[in-house]
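Novice: following is a predicted model, sequence given first.
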Amino acid sequence: MPNKQGDFIWYELMTGDMDAAQEFYGELLGWSCADSGQPDMEYRMFSVGDAQIGGMMALTEEMTAGGAQPSWMGYISVDDVDASAESIKGAGGAVHLEPTDIPNIGRFAMVADPQGAYFYIMHDSSGEESQSFAKTEPKVGHCAWNELITSDPGAGLDFYSGQFGWEKDNEMDMGPMGTYHMIRHDYMLGGVMQKPDEMPVSAWAYYFRVPDIDAADATIKAKGGQIIVGPQELPGGDFIINGIDPQGAMFALIGARG
């Protein structure tokens with residue numbers, strides 16, 4: 001089944017040290033890594049088994065001079081990249097990289113929502129369904145949850161619903177942290193929450209599944225990463241970790257306690 005408008009189809013790490021990041025995430029998530037064969041740049045692909053999960057590229061001096069920092073970015077599938085970019089601008093968002101072709105792969109653009117959270121939109125010309133996000137069942141090594149942490153959750157829900165057809169499914173009271181909104185796209189896609197004051201900008205967080213959250217906790221510390229939150233238990237029995245990898249990119253994990 002091909003990807004449909006509004007599906008998360010890819011996750012990408014921008015980092016200052018590809019070799020070190022490859023070792024860190026390889027041990028943490030069991031990912032293998034291989035060069036993509038792109039002729040004009042080095043781009044590596046993360047996989048678990050036969051399923052491709054995401055990619056990795058090096059931050060250039062030009063990118064860092066423009067304010068880019070180590071980070072994870074998500075790609076949302078659209079039917080028409082150019083039309084979607086115009087619609088995002090019309091809804092108060094921004095286009096930071098105009099629609100561009102990737103030979104033999106598709107067309108994409110880097111955009112931001114009205115509260116400033118960055119993401120990519122992409123039309124994949126392969127016609128193959130992405131395996132990056134586990135839509136219907138837990139899969140170790142795959143993304144399990146997409147979380148928008150934003151300065152205006154209500155406006156965020158309206159924006160993404162209008163652009164991609166996402167629907168609010170449920171909500172949970174988190175006390176002083178406000179209301180957590182669950183979002184659905186025929187399947188549970190993720191959530192939207194209020195940005196805490198100490199977080200400088202609105203951003204997306206992508207939770208990758210590990211088989212043992214305590215083993216992941218130990219690996220992060222042994223490999224020079226930093227844990228900001230967790231392991232913290234969720235309703236239902238899973239635990240989460242929010243951390244920073246050794247190169248400075250924020251990441252998130254979810255998994256059971258072994």
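Specialist: Sure, I can see it.

Novice: phi first, then psi, for residue 87.
Specialist: Note on residue 87: backbone dihedrals following degrees, to the nearest 10 are phi -70, psi -40.

Novice: right, and it touches residue 159 too?
Specialist: No. Residue 87 sits out of contact with residue 159 when judged by CB atoms under 8 Å, with a separation of 10.4 Å. Every residue, glycine included, has its C-beta placed from N, CA and C.

Novice: look at those two and report which has more neighbours.
Specialist: A count of neighbours by other CB atoms under 10 Å puts residue 159 above the other of residue 87 and residue 159, at 22 against 16.

Novice: how about the more buried one: what's its closest non-neighbour residue?
Specialist: With CB to CB, 6 or more residues apart in numbering as the criterion, residue 159 has its nearest non-adjacent residue at 5.3 Å, and that residue is residue 113.

Novice: residue 232 now?
Specialist: Of all residues not flanking residue 232 in the chain, residue 240 sits nearest, at 5.4 Å (CB to CB, 6+ apart).

Novice: with residue 119 instead?
Specialist: Leaving aside its sequence neighbours, residue 119 sits nearest to residue 74 (CB to CB, 6+ apart; 5.3 Å).

Novice: residue 6 is in contact with the one you found, correct?
Specialist: No. Under the criterion of CB under 8 Å, residue 74 makes no contact with residue 6, lying 11.9 Å away.

Novice: now the host helix or strand of residue 183: average pLDDT?
Specialist: Using DSSP states H and E, the element containing residue 183 is strand 179-184. Average pLDDT, strand 179-184: 94.

Novice: with stretch 141-157 instead?
Specialist: pLDDT averaged over stretch 141-157 gives 96.

Novice: so which bits of that stretch are buried?
Specialist: Using 16 or more other CB atoms under 10 Å as the test for burial, stretch 141-157 gives 141-153, 156-157.

Novice: again, but for stretch 243-258
Specialist: For stretch 243-258, the neighbour count (16+ other CB under 10 Å) marks 243, 245, 246, 247, 249, 250, 251, 252, 253, 254, 255 as buried.

Novice: sorry, back to before: per-residue confidence for the residue nearest to residue 159?
Specialist: For residue 113, pLDDT reads 97.
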